Each structure stands twice: as C-alpha cells, then as structure tokens.
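J.: Just a sequence and a predicted model for now, questions to come.
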Amino acid sequence: MLVALTQCRTLPETAARLACFDRSVAALEQAEANRTIVIIDQQQVRETRRAVFGIALPETGLLGKAEDLPQIEAVLAGASVDDSGHWRFQLADGARWVQTDDNVIARRPRAKDAVVIKRAALGSFRMSVGGQPAVKVRRLN
C-alpha cells in the first residue's frame with residue numbers, strides 16, 4: 001500500500017495524480033481501521049520495548065533488537081518472599097519478577113525503592129533494588 005501511494009507521485013497529469021492519491025490514502029485508512037496495517041511512531045516503539053522488557057518474544061525486528069535496550073529503571077511497588085526463600089518483586093508499572101539465585105538481599109526491599117534491571121549473560125537479567133548488589137531475576141508476566 002505504501003508503494004502504491006508513493007507511485008502516485010510519478011503520474012504527470014494532476015487529475016490522475018490526485019485520484020491516485022485519493023484511492024491510495026482511502027485504502028491505507030481502511031487497512032488501518034481493519035488493523036491490517038498498524039502504524040506506530042518511535043515513541044510508541046520505545047514505550048512498548050520497555051513494557052515487554054524481560055519477556056521472551058520472537059525476534060521480528062518490529063521493536064528493534066533486544067540489545068538496544070540494555071536496562072530499565074523502575075520503581076518498586078512491593079516485594080515479598082516466596083516459599084522457596086526467593087524474593088518476588090512487583091514494579092509500579094505492573095511487571096512482576098522473581099529472584100532466581102540464592103544471593104541475599106541485605107536490606108528488605110521497600111515500596112518506592114529505585115529498581116535497575118540489566119540484561120546479563122545468556123538471556124538472563126540482574127536486578128538491583130534500592131542500590132543494593134544485584135540478584136538474578138526472571139520476569140513472570
């Protein structure tokens with residue numbers, strides 16, 4: 001559809017060019033209304049990449065490469081310890097993460113603590129809460 005739209009510029013006759021643009025734009029509008037085509041801007045791409053950080057998705061190229069976003073910063077909404085002694089973290093944006101290593105977090109995480117989650121080796125992630133040493137984590141949702 002985009003190719004058809006741009007080819008309209010090559011028509012020398014004004015009336016034919018305008019009719020071509022009108023047809024192409026109408027088709028593009030219809031495709032967007034039917035969700036056949038989705039148009040998003042770079043800001044929406046950045047927000048989406050941040051929202052899905054830590055979720056294993058197929059590499060389609062639509063959101064760029066995973067390595068393009070090496071870390072995120074967030075705010076902790078709450079934390080608790082599960083039956084296996086691992087921390088479960090709820091971020092303010094709704095993302096839930098669980099600790100996967102046995103490293104000790106010295107100070108109990110508190111709501112509103114600053115959180116930094118970084119990509120680590122082999123697709124893993126490391127989370128630092130409140131400036132403490134990082135622990136290995138996995139995204140749950």
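T.: Yep, that arrived. Numbers count the residues shown, from 1 in each chain.
J.: What are the buried residues along the longest strand anywhere in the chain?
T.: Counting by DSSP state E, the longest strand found in the chain is strand 71-81. Of the residues in strand 71-81, Ile72, Ala74, Leu76, Ala77, Ala79 count as buried by neighbour count, 16 or more other C-beta atoms under 10 Å. Heads up, the C-betas are built off the backbone N, CA and C, glycines and all.
J.: Serialize those to TSV and add fields for pLDDT and distance to Lys112.
T.: As requested, the buried residues of strand 71-81 are exported to TSV (pLDDT from 0 to 100; distance: C-beta to C-beta, whole Å):
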residue	pLDDT	distance to Lys112
Ile72	96	17
Ala74	97	11
Leu76	98	7
Ala77	98	8
Ala79	97	11
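J.: ok so, going back, return the list of helices and strands in contact with the longest strand of the chain.
T.: When contacts are defined as 3 or more C-beta pairs under 8 Å, 6 or more residues apart in numbering; DSSP states H and E, strand 71-81 packs onto strand 87-91, strand 114-119.
J.: Who does whatever helix or strand comes next after the last one pair with, and is each partner parallel or antiparallel?
T.: Where DSSP states H and E defines the elements, the next helix or strand beyond strand 114-119 is strand 125-129. For strand 125-129, the paired strands and their directions (DSSP bridges) are strand 114-119 (antiparallel), strand 135-139 (antiparallel).
J.: Can you tell me which of the ones you listed is nearest to Gln7?
T.: strand 114-119 (42.1 Å; C-beta to C-beta).
J.: tally of neighbours for Arg110?
T.: Other residues near Arg110 come to 11 when the count uses other C-beta atoms under 10 Å.
J.: same check, this time on Ile117
T.: Ile117: 24 neighbours (other C-beta under 10 Å).
J.: Report the beta-bridge partner residues of the closest residue to Ile55 other than its chain neighbours.
T.: For Ile55, ignoring the flanking residues on the chain, the nearest one in space by C-beta to C-beta, 6 or more residues apart in numbering is Arg139 at 5.6 Å. Beta-bridge partners recorded for Arg139 (DSSP bridges): Trp97.
J.: Which helix or strand lies directly C-terminal to the helix or strand harbouring Leu18?
T.: Using DSSP H and E, Leu18 maps to helix 14-33. Toward the C-terminus, helix 14-33 is succeeded by helix 42-51 as the next helix or strand (DSSP H and E).
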